[in-house]
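Visitor: sequence and predicted model, in that order:
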Amino acid sequence: MKQSIWNHLSVNLLYTLLIVFYFSFTVSCQSSESTTISDSTTVTEVEPPILPAAYQTESYLPLLQESRVGMVVNHTSLIDTTHLVDSLLSLGVNITQIFAPEHGFRGEAANGEHVQDATDVRTGLPIVSLYGKNRKPTVEQLQGIDVVVFDIQDVGARFYTYISTMHYVMETCAELGKRMVILDRPNPNGYYIGGPVREPAQKSFLGMHPIPIVHGLTVGELAQMINGEGWLSDSLQCDTEVIPVKNYTHANRYPLPVRPSPNLPNDQSINLYPSLCLFEATSFSLGRGTEFPFQVLGNPNQAIQQGVLAKNPTFDSVQFTPQDIPGVAFNTKHEDELCYGVDLREIPHLEKFTLQLLIDFYQQAKAHGMTDKEFFDRPDAFATLAGNKTLQKQIEGGQSLEEIKQSWEPELSEYKAMRKKYLLYEDFE
């Protein structure tokens, strides 16, 4: 196997150079500056492209030599348009098992839908679900593996479950003394920090760590924080090696080349996701079961829609009827009901986490006869997403947006100081 891997390295280096050339023309988050030399001559300085760790096979292939490799991957684990598993198999890496997170290995399961163990029809490799009967890999599932590779695209929100899967894989690896290689990717919401820090009582798979809703970390940086802060069971340490992204800083805006999960179909939904996800635990639909999830908000009460639009005249109105969509949405809120709402598809890019929409919808719902229990129809789920039981009380008590944000400041300040210890990339400040 060692001979096979190294025989391919020269080919792989050429492939990487071709990818760099490709990215220099296609990644829109890169900018260029022109410097005038004379009246007739201009030299263009092109910034180097952002290169996710998976593309840098020369950096991590030596870590996989003569090893039985387990892969924690999904449909986002790509080198250009080729899946990482296919690339590594072609390079002679001995992959013995695939571990699949929420939404499955090929990203074809809806949110919350259990993922079953299976065999990948393309490679014949066994797929072990980490979103079915167990979410933490068992000792038996990792027994025949020497090193685990994690490569999944995150979106930078505490309740996005891929980081919880990473935590549990780190934990079992630590218990068994297995090595873990994390191939880092940019965070599309990594340019700011916002929202309340999760309180201990609200620890769950939707919030494994005491971090804000928008944490401002890549998965590699978070893995370092998990180890450094002793968050694994019994304060265990996972033998982890992070392969960093090249040419990335937290000031970058990074458009994702593929949807990270079925209900985040584009950059607008990814940008709005941290601020809209709290609506999951209310009586309002955020577009699951439509062609524009996380880009609309509404319910069957048209009067509430009109009240919100009157307060936000720059928003457009929209009507939509949620329906179950196989592999995308099931048990859809307000299924087959006509909903009246606001259209957020064209609003400007959010530069921070905001509660303003939640407050506006709550106030208009109350003004049109909805009770607190009817609005916050799943209070336990709301506390899980918010990370505390205080936020609902603050909104019901009529606190202003600034008053609520001010209540987060002590914990946010502590978090920001802690975060700096684990950064791999230049910060946004």
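Guide: Everything's here; your move.

Visitor: how does the protein divide up, domain by domain?
Guide: When the chain is parsed with automatic domain parsing, its domains come out as 2-46, 53-255, 267-398.

Visitor: any chance of JSON lines for those, columns distance to S261, mean neighbour count and mean pLDDT?
Guide: In short, each C-beta sits where N, CA and C put it, glycine included. Output for the domains of the chain, formatted as JSON lines (distance: least, Cβ to Cβ, whole Å; neighbours: other Cβ atoms under 10 Å; pLDDT from 0 to 100):
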{"stretch": "domain 2-46", "distance to S261": "21", "mean neighbour count": "12", "mean pLDDT": "46"}
{"stretch": "domain 53-255", "distance to S261": "5", "mean neighbour count": "20", "mean pLDDT": "95"}
{"stretch": "domain 267-398", "distance to S261": "9", "mean neighbour count": "18", "mean pLDDT": "97"}
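
Visitor: want to throw the ones you listed into a markdown table with distance to L424?
Guide: Formatted as a markdown table, the domains of the chain follow (distance: least, Cβ to Cβ, whole Å):
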| stretch | distance to L424 |
| --- | --- |
| domain 2-46 | 18 |
| domain 53-255 | 5 |
| domain 267-398 | 21 |
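
Visitor: these: which one's closest to F428?
Guide: domain 53-255 (4.3 Å; Cβ to Cβ).

Visitor: using the three-state scheme, assign D86.
Guide: Secondary structure, DSSP: H, G, I helix; E, B strand; the rest coil: D86 is helix.

Visitor: my guess is it contacts D120. True?
Guide: No: counting by Cβ atoms under 8 Å, D86 stays clear of D120, with 10.2 Å between them.

Visitor: quick one, strands of the stretch 1-150 of the chain?
Guide: Applying DSSP state E, counting those that start in this stretch to the stretch 1-150 of the chain gives strands spanning 32-36, 42-46, 69-73, 78-79, 82-83, 95-100, 118-119, 126-129, 147-151.

Visitor: make a markdown table from the ones you listed and add distance to D324 to it.
Guide: Putting those into a markdown table (distance: least, Cβ to Cβ, whole Å) gives the following:
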| stretch | distance to D324 |
| --- | --- |
| strand 32-36 | 45 |
| strand 42-46 | 46 |
| strand 69-73 | 27 |
| strand 78-79 | 28 |
| strand 82-83 | 28 |
| strand 95-100 | 22 |
| strand 118-119 | 22 |
| strand 126-129 | 22 |
| strand 147-151 | 31 |
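
Visitor: E351: which of those is closest?
Guide: With Cβ to Cβ, the closest approach to E351 among the strands of the stretch 1-150 of the chain belongs to strand 32-36: 22.6 Å.

Visitor: got a list of what I193 touches?
Guide: P212, V214, H215, G216, L412, Y415, K416, R419 (Cβ atoms under 8 Å, 6 or more residues apart in numbering).

Visitor: do the same with T172
Guide: T172 makes contacts with K136, P137, T138, V139, Q141, L142, K178, as judged by Cβ under 8 Å, 6+ apart.

Visitor: and those residues, which is closest to R198?
Guide: Of all those, R198 sits closest to K136, with 19.0 Å by Cβ to Cβ.

Visitor: now do the residue lying closest to the closest one once chain neighbours are set aside against V148, distance only.
Guide: Residue nearest to K136 in three dimensions, not counting chain neighbours: Y168, with 3.8 Å by Cβ to Cβ, 6 or more residues apart in numbering. Using Cβ to Cβ, to the nearest Å, Y168 is found at 11 Å from V148.

Visitor: cool, Q394 as well?
Guide: For Q394 relative to V148 (Cβ to Cβ), the value is 41 Å.

Visitor: helix, strand or coil for D360?
Guide: helix.

Visitor: I meant Q224, not that one.
Guide: Secondary structure, three-state DSSP: Q224 is helix.

Visitor: hang on, isn't it packed against Y422?
Guide: Yes: contact criterion Cβ under 8 Å: Q224 and Y422 qualify, at 4.3 Å.

Visitor: mind jotting down where the helices sit in the chain?
Guide: For the chain, the helices defined by DSSP state H cover 2-26, 57-60, 84-90, 139-142, 162-176, 219-228, 267-276, 302-311, 356-367, 372-375, 379-386, 390-396, 401-419.

Visitor: can you add distance to E429 and give those back as CSV?
Guide: Output for the helices of the chain, formatted as CSV (distance: least, Cβ to Cβ, whole Å):
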stretch, distance to E429
helix 2-26, 26
helix 57-60, 28
helix 84-90, 33
helix 139-142, 39
helix 162-176, 23
helix 219-228, 15
helix 267-276, 19
helix 302-311, 32
helix 356-367, 23
helix 372-375, 36
helix 379-386, 25
helix 390-396, 26
helix 401-419, 9
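
Visitor: so which of those helices is nearest F205?
Guide: helix 162-176 (4.9 Å).

Visitor: next, the angle strand 95-100 makes with that closest one.
Guide: Per axes from the mean of the first three to the mean of the last three Cα atoms, to 10 degrees, the angle that helix 162-176 makes with strand 95-100 is 140 degrees.

Visitor: only alpha carbons, please: show helix 162-176 as CSV.
Guide: Coordinates of the C-alpha atoms in helix 162-176 are reproduced here as CSV (Å, rounded to 0.1, in the frame of the first residue of the first chain):
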residue,chain,number,x,y,z
TYR,A,162,-22.4,17.6,12.0
ILE,A,163,-20.2,19.1,14.8
SER,A,164,-22.0,16.9,17.3
THR,A,165,-21.1,13.8,15.2
MET,A,166,-17.5,15.0,15.2
HIS,A,167,-17.6,15.3,19.0
TYR,A,168,-18.8,11.7,19.4
VAL,A,169,-16.3,10.3,16.9
MET,A,170,-13.5,12.1,18.8
GLU,A,171,-14.8,10.7,22.0
THR,A,172,-14.8,7.1,20.9
CYS,A,173,-11.4,7.5,19.2
ALA,A,174,-10.0,8.9,22.5
GLU,A,175,-11.4,6.0,24.4
LEU,A,176,-9.8,3.5,22.1
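
Visitor: relative to strand 69-73, how tilted is it?
Guide: Going by the same axes, to 10 degrees, helix 162-176 makes 160 degrees with strand 69-73.

Visitor: isn't L344 up against F315?
Guide: Yes: with contact defined as Cβ under 8 Å, L344 reaches F315; the gap is 7.3 Å.

Visitor: surely L232 meets I226?
Guide: Yes: the pair L232 / I226 is scored as a contact, 6.4 Å apart, by Cβ under 8 Å.

Visitor: list residues touching both of these two?
Guide: Joint contacts of L232 and I226 (Cβ under 8 Å, 6+ apart) are H167, M170, C238.

Visitor: any idea how far the first one lies from K405?
Guide: Translated: H167. Counting by Cβ to Cβ, the gap between H167 and K405 amounts to 28 Å.

Visitor: right, I'll call it a day here.
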